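**Q** just a sequence and a predicted model for now, questions to come.
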2 protein chains.
Amino acid sequence: MTRIATLSETRDNCHNCRLRTLCLPDNLPVEDVGRLAGIVQRRKPVSRGTLLFQAGQRFNSIYAVRTGAVKTTTLMANGDEHISGFHLPGEVIGLDAIVSRDHPSTAVALETASVCEIPYAELENLSDRTPALQHQLMRIMSRELLAEQSTNHLLTRRSAEQRLAVVLLTFSERFASRGLSAQRFRLPMSRLDLGNYLGLVPETMSRTFRRLEEQGLVSIAGKEVEIVDICAMQGLAFGAQGAQAARA
Amino acid sequence: MTRIATLSETRDNCHNCRLRTLCLPDNLPVEDVGRLAGIVQRRKPVSRGTLLFQAGQRFNSIYAVRTGAVKTTTLMANGDEHISGFHLPGEVIGLDAIVSRDHPSTAVALETASVCEIPYAELENLSDRTPALQHQLMRIMSRELLAEQSTNHLLTRRSAEQRLAVVLLTFSERFASRGLSAQRFRLPMSRLDLGNYLGLVPETMSRTFRRLEEQGLVSIAGKEVEIVDICAMQGLAFGAQGAQAARA
DNA sequence: CGCTAGTTTGATGGTAATCAACGCCCGTGG
DNA sequence: CCACGGGCGTTGATTACCATCAAACTAGCG
């Protein structure tokens, strides 16, 4: 069932992409999408564990996830590794490298995944002549900034249960906006990875999953998640105060 | 001693600004700095507590801090307020509003402060015709992204002592790069604000300051800070593991 | 069929939140 | 000038949550 992409298909890259409204081409007029498609390079699928780029590597391109899921990790000054995000199809990664010559983080495929590579020099060059593209880039970076801020809040002021609830609801929404079920989905990462992202050790992850299940909010089977009571989940995630300080 | 800025002085805005290498004009050719200066509006100093913009307000401009210090806060879904950052002269705020029509956060002067207002429509328009400006904008956003990521790590995986050490060292560096002393400085925010930012209650802030002092790392007098042993501070901030999980 | 990474369970302890109360600084108004 | 008040900061006692340690269990995979 392997199909070979023809050249014309490659040119069509973004036009026909189901993810176009989540990705760089969003808000672009048709002719600009064509020009963008001209510099986008589809990469062949890679298997779980493959590095898309590595911290310290020279920054040449940003990447848009096409299929599968990717995590980005950073080696911190003290030597431990921090997962800065999980990325689903349509999301752009590598933006944190623009300011320096090198990638600050490493991107790893969490499952079989494929990406579009966008050489940054060419993207810069193109967006110099394409205001709409430039504006879309700014919007994407602004959105990332906003997401990081809300992650910050989540991590400082919420209990383990709330962190997990928020993250599950976030995945639910992200899957839904990609046309998948908001109720049932499969988490692409291990509990260790999810715990690293949330600032919780695996033992706590396990116990917290169980507590959510006991409360009848979710049903868990390995990496398969079913959100049983979405309202109660939202109540837990966003209602009242965290377990910790929440003074004005 | 009040000086009235003349028109020509206003035009010169960015050229003569001591902060130009930290701010939007950095990396721009002289003629582009002039064009940028043409759309920058100097605002009169405002006193402590003044709101520069408010969450929910229509997004029109970004702002560069010129003097003083500013905090940005966000009202989270659960009703509590989260301080997303403290901003010193040369830093640009409001970038998180680009993606939506409205400001997600509120900016408050922490002390007497003045800002430059940069109408975003004009900035967009100008950067459409000014590649270097666009690239500088991208670099600034990328830098912000990076900063948020490292804050994330700080908040999830480090003890109260380490969080405070990191934040003090960060302020030290930021003051130093503005030509001020790296050893002695005055924190512009209350302990409550700093605690909110770090995810710590005021009681813990107080005790943690005292512990750093007892260890001979710093000397504290109200908001005045002296970093006594910078090496030991760095050791504490970046060395070894945090008090919490740090598994790969 | 065993191996290893990942996950779970239980027992214990430490760090920081919470609760309670007091002292300090500073601006306001009598 | 002094008294008052409130925001801010400090200190102490107690508690809760989550990390840590230890160990068993499961599942994918060569």
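**A** Alright, I've got the coordinates.

**Q** going forward, measure contacts and count neighbours with C-alpha atoms only.
**A** Will do.

**Q** hang on, A:Met233 in a helix?
**A** Yes. A:Met233: assigned to a helix according to DSSP: H, G, I helix; E, B strand; the rest coil.

**Q** neighbours of it, how many?
**A** Counted with other CA atoms under 10 Å in any protein chain shown, residues neighbouring A:Met233 total 24.

**Q** likewise for A:Gly222?
**A** As a burial measure, A:Gly222 scores 10 neighbours (other CA under 10 Å).

**Q** do A:Leu75 as well
**A** Close neighbours of A:Leu75, defined as other CA under 10 Å, add up to 15.

**Q** tell me the pLDDT at the residue lying closest to it once chain neighbours are set aside?
**A** If the residues on either side of it in the chain are set aside, A:Leu75 comes closest to A:Glu81, at 4.5 Å by CA to CA, 6 or more residues apart in numbering or on different chains. We have a pLDDT of 90 for A:Glu81.

**Q** quick one: A:Glu81 from DNA strand C, how far?
**A** For A:Glu81, the distance to DNA strand C equals 14 Å [CA to the nearest atom of the strand, to the nearest Å].

**Q** nearest residue to the middle of chain A?
**A** A:His87 (2.0 Å; CA atoms, centre = their mean).

**Q** what does that residue show for phi and psi?
**A** Dihedral angles phi and psi of A:His87 (degrees, to the nearest 10) take the values phi -120, psi 130.

**Q** tell me which stretches of chain A form helices.
**A** Along chain A, the segments classed as helices by DSSP state H run A:7-12, A:30-39, A:120-128, A:131-157, A:160-176, A:191-198, A:202-214, A:230-238.

**Q** on that earlier part again, go ahead and confirm the residue nearest to the centre of chain A touches A:Arg66.
**A** No. Checked against CA atoms under 8 Å, the pair A:His87 and A:Arg66 is beyond contact range at 10.1 Å.

**Q** kindly provide the distance from the closest residue to A:Val70 other than its chain neighbours to A:Gly56.
**A** Nearest non-adjacent residue to A:Val70, counting by CA to CA, 6+ apart: A:Ala109, 4.4 Å away. Distance, A:Ala109 to A:Gly56, by CA to CA, to the nearest Å: 18 Å.

**Q** more crowded one of the two?
**A** A:Ala109 (26 against 13).

**Q** quick check: that one touching A:Gly49?
**A** Yes. If you go by CA under 8 Å, A:Ala109 and A:Gly49 touch, sitting 5.2 Å apart.

**Q** so how far is A:Leu110 from the residue nearest to A:Leu75?
**A** 16 Å.

**Q** out of those two, which sits in the busier spot?
**A** A:Leu110 (24 against 18).

**Q** once you drop chain neighbours, what's closest to A:Leu155?
**A** B:Thr156 (6.1 Å).

**Q** hmm, A:Leu198 and that neighbour touching each other?
**A** Yes. Between B:Thr156 and A:Leu198 a contact is recorded at 7.2 Å, counting by CA under 8 Å.

**Q** so what sits against both of those two?
**A** A:Leu155 (CA atoms under 8 Å, 6 or more residues apart in numbering or on different chains).

**Q** find the nearest non-adjacent residue to A:Phe185, please.
**A** A:Phe185 sits nearest to A:Val225 (CA to CA, 6+ apart), 5.5 Å away.

**Q** ignore what I typed, I meant A:Asp12.
**A** Using CA to CA, 6+ apart, the nearest residue to A:Asp12 is A:Ala37, at 6.5 Å.

**Q** what is the burial count for that neighbour?
**A** A:Ala37: 19 neighbours (other CA under 10 Å).

**Q** check the gap between it and A:Val30 for me.
**A** Relative to A:Val30, and taking CA to CA, A:Ala37 is found at 11 Å.

**Q** same deal with A:Ile230?
**A** A:Ile230 is 38 Å from A:Val30, by CA to CA.

**Q** okay, those two: which has more neighbours?
**A** Ranked by neighbour count (other CA under 10 Å), A:Ile230 and A:Val30 place A:Ile230 first, with 17 against 11.

**Q** follow-up on the earlier one: I'd like the helices of chain A as TSV, with distance to B:Met189 appended.
**A** Shown next, in TSV, are the helices of chain A (distance: least, CA to CA, whole Å):
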stretch	distance to B:Met189
helix A:7-12	53
helix A:30-39	45
helix A:120-128	39
helix A:131-157	19
helix A:160-176	28
helix A:191-198	28
helix A:202-214	35
helix A:230-238	28
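
**Q** closest to A:Ala77 out of those helices?
**A** helix A:191-198 (16.1 Å; CA to CA).

**Q** pull the CA atoms of the closest one into CSV?
**A** In CSV, the C-alpha atoms belonging to helix A:191-198 read as follows (Å, rounded to 0.1, in the frame of the first residue of the first chain):
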residue,chain,number,x,y,z
ARG,A,191,3.9,7.9,31.9
LEU,A,192,7.5,8.7,32.7
ASP,A,193,7.5,11.3,29.9
LEU,A,194,4.2,12.7,30.9
GLY,A,195,5.4,12.9,34.5
ASN,A,196,8.6,14.7,33.5
TYR,A,197,6.5,17.2,31.6
LEU,A,198,4.2,17.7,34.6
